[in-house]
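> Sequence and predicted structure, then a few things I'm wondering about:
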Number of protein chains: 2
Amino acid sequence: MVIPNAYLRLVCGFDLVSRRCRTDSEYFRFAISKLAIPKPIHFEQPYVLMSVFHYQLLNRDRRTSARRGFFSTPHGPVQTPGFMPVGTQGTVKGLTIDQVAATGAEMILGNTYHLALRPGHETVRRLGGLHGMTLWDGPILTDSGGFQVFSLEAIREINEEAATFRSHIDGAIIKLTPEHSIEIQESLGSDVAMVLDHVVALPAERSKVVEAMERSIRWAQRCLNAASRDDQARFAIVQGGLDVELRQQCATELSAMEFEGFAIGGLSVGEPPPEMYRITEATCPYLPEEKPRYLMGVGTPVDLLESVARGVDLFDCVMPTRNGRNAMAFTDQGKIKIRNAVHREDTEPLEKGCPCLACRHSRGYLRHLFVAGEMLGPILLSIHNLTYYQRVMAGARTAIENGTFAEYMEMKKAGWGVS
Amino acid sequence: MVIPNAYLRLVCGFDLVSRRCRTDSEYFRFAISKLAIPKPIHFEQPYVLMSVFHYQLLNRDRRTSARRGFFSTPHGPVQTPGFMPVGTQGTVKGLTIDQVAATGAEMILGNTYHLALRPGHETVRRLGGLHGMTLWDGPILTDSGGFQVFSLEAIREINEEAATFRSHIDGAIIKLTPEHSIEIQESLGSDVAMVLDHVVALPAERSKVVEAMERSIRWAQRCLNAASRDDQARFAIVQGGLDVELRQQCATELSAMEFEGFAIGGLSVGEPPPEMYRITEATCPYLPEEKPRYLMGVGTPVDLLESVARGVDLFDCVMPTRNGRNAMAFTDQGKIKIRNAVHREDTEPLEKGCPCLACRHSRGYLRHLFVAGEMLGPILLSIHNLTYYQRVMAGARTAIENGTFAEYMEMKKAGWGVS
């Protein structure tokens, strides 16, 4: 009995191991190798088969829409709610891949736009895909390039066929179609490919928002049609600006299509946080319960918890690394600007109890590194901030399990000085 | 029986542990803690007492002057011949302290000049000294500032009392005396302090070289007189330009003074390598057998082996990190310029068999990191080059033990394309 596009889960001792296999004998060989049985035997029962890309809902918060689960991929599961560090050009800036793992991250993000321009997706493929190149052995998600085309608005033209833009590296004219975006992402070999979407700057006329939303739905279908890898999931992206009706319409239409997950896009582009929370809150109920939900490009720690409370499972943001490089550290007591003279002879760590490398050093030393222009300053603060984000999310997961998520969020917000 | 300024060595299982103690009961408490004996007992014999700063000669090569030994410090021993990575401003550029240790380094170097200007030696002291600040728990050597004053020649004035220069940071006038250099290094808390010396640019008139050499000897004595920490060793620095007679005279005079080690300074300042080898070869025999010898600021891998062959024990150089940041990697087959287009889709590591982080990645990925301007490129190549230097030195130590150092050096030089 073989279920296409399925994988085997086995409990070996205390470990849950999984492998995607195409035939029964492959399952058996895999199971046997894991169980250290010296020669093939016939396996009867039990083995559990399910989709490679399976979202398992574990707990639901009673007082908020927060949910605790995990999402399986060919490179293992990611616990949700979860935060993905951003590895724009095939590296989480300043961190070795071991350091990324040590922050607690389970899934990372790569950028189709940047990698397609440099080193080129064919080169990435020949170097073993993003996994082979970076040596990250967990799940990877790649965006579609849609957001980068949007954020380089001055040099783009979007029509029904494609987004056309100039390379920021060499000025070459590049035409990105939904099909090409999927082709690139299949070369990159990510576990999750995002559909190409049409993002509009806000505020915008309703007709423009409608046009971009409708086009995003058509492009989503073209992405599905173009996809050929069955070890890569496709996530749709809900558009619709700050218009609840359009967002819900878009979510409903995309939910009817065969996606393994759903993202909310086009937010965190300058609108006030309450607007973002309002749209997220209105959109999540229109997305399938049994699929993961990903809020793209978000955000501050408080944005993360407010969005978890509204039903979001996955996040990505450059903020922990970018702010780290700029000498700003996140802590339970709010932000620390480590260049401030008050830290000159401060022997305390950034945050007591934080297990990261940076917090083994004193604030005085970290300040010195930034003042002296040493690379180690940005490295250590990036490590700290990524570790902090993972700790906030791990705390959120535990709180949902314990039924105390609302209290957890209030406690964190009080520490951050957010009402 | 207590020997002042002594430490205890104990063989615990396979580990050699050491601790500096002031009383017999301290020795016993330490020994008991290491041996996991539940309560104090009276210790008879054997325990070995020797100077904290003890150089132990283990093997001598028959065909060269290479020697294998170790040098003990309050922060443990360093195996010699050994290479010290340079941590100019209290950080080996781009590496976390765990990564420095993972390269195989046992002793690192800090710069008195840079640290005195920023963050200031009093601040370093209040932050726990260099050890407390960097969390490096092995030995640290600090230079005296003499070389930096020399290399900033345009803005200095040197007379018998002091070297006077302008800070490269804020232009402040700074007067560095031998006494002040020692005071700074005592605040930094290094295991080894270097004496302040007078370095002259080469070529120079003989009278100038003689003047600087004689002043360096007087300043060395002033450093000894000023020193107050008995947990810090002082190393003298032999000057004398490219004049063998002056070098030997300087070495002889310094050897009569109470230093725990001896450096050869004022080399690797632009003279051809054979000149450097000639001076090193002529100087080493005039230094005490029972003390370590340190060739300052040297050098390329071939410089290291050629100098080991002439009797040098310790080295430091910025080359592995500086070249690494500039996309150049050292290997057994010579240098690799990783930006070269030939590496674009190269799936091989920099060096097969190298255990470093960089060599788990492909050359193609490393090239991409540099071309894309990502920090991880300089980080990984610095790690590789430091690991390479340590591997070359570890190989030299083993070769000396096995009586095959000459063959080892020839084999390495053949790989590097050096005749």
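Nice, I can see it.
> and residue A:418, helix, strand or coil?
coil (DSSP: H, G, I helix; E, B strand; the rest coil).
> Whichever residue of the stretch 151-300 of chain A sits closest to chain B - how many residues pack around it?
Residue nearest to chain B within the stretch 151-300 of chain A (Cβ to the nearest Cβ): residue A:169, separated by 9.2 Å. In short, each C-beta sits where N, CA and C put it, glycine included. Each residue near residue A:169 was counted by other Cβ atoms under 10 Å in any protein chain shown, and the total is 11.
> which residues touch it?
Applying Cβ atoms under 8 Å, 6 or more residues apart in numbering or on different chains, we find residue A:169 in contact with A:117, A:118.
> Would you agree it falls within a helix?
No - secondary structure of residue A:169 (three-state DSSP): coil, not part of a helix.
> What does the pLDDT read for it?
On the pLDDT scale, residue A:169 is placed at 86.
> do residue A:147 as well
On pLDDT, residue A:147 comes in at 88.
> same deal with residue A:283?
You'll see residue A:283 listed with a pLDDT of 98.
> sec struct for it, please.
Quick answer, by three-state DSSP: residue A:283 is helix.
> Count the neighbours of it for me.
Neighbour number of residue A:283 under other Cβ under 10 Å is 24.
> my guess is residue A:236 meets residue A:260, correct?
No - applying Cβ atoms under 8 Å, one finds residue A:236 not in contact with residue A:260, separated by 9.3 Å.
> who has more neighbours, those two?
Neighbour count, other Cβ under 10 Å: between residue A:236 and residue A:260, residue A:236 has more, with 30 against 21.
> what about that one, which SS state?
Classification of residue A:236 by three-state DSSP places it in strand.
> Distance of it relative to residue A:263?
7 Å (Cβ to Cβ, to the nearest Å).
> Check what pLDDT the residue of the stretch 201-350 of chain A found nearest chain B gets.
Nearest to chain B in the stretch 201-350 of chain A, going by Cβ to the nearest Cβ, is residue A:345, at a distance of 4.8 Å. You'll see residue A:345 listed with a pLDDT of 98.
> Equivalent analysis for residue A:13, please.
At residue A:13, the model reports a pLDDT of 34.
> swap in residue A:157?
As predicted, residue A:157 sits at a pLDDT of 87.
> which non-adjacent residue is nearest residue A:249?
Closest residue to residue A:249 apart from its sequence neighbours, by Cβ to Cβ, 6 or more residues apart in numbering or on different chains: residue A:240 at 7.1 Å.
> May I have the residues that are in contact with residue A:271?
A:202, A:242.
> That one belongs to a strand, doesn't it?
No - counting by three-state DSSP, residue A:271 is not part of a strand but coil.
> Distance check, it against residue A:280.
Remark: distance between residue A:271 and residue A:280 (Cβ to Cβ) = 11 Å.
> by how many degrees do the longest helix seen in chain A and helix B:376-402 diverge?
As assigned by DSSP state H, the longest helix anywhere in chain A is helix A:376-402. Helix A:376-402 and helix B:376-402 are oriented at 110 degrees to each other (axes from the mean of the first three to the mean of the last three Cα atoms, to 10 degrees).
> So helix A:376-402, near chain B or not?
Yes - Helix A:376-402 lies within reach of chain B by Cβ under 8 Å from any Cβ of the partner chain, at A:376, A:378, A:379, A:380.
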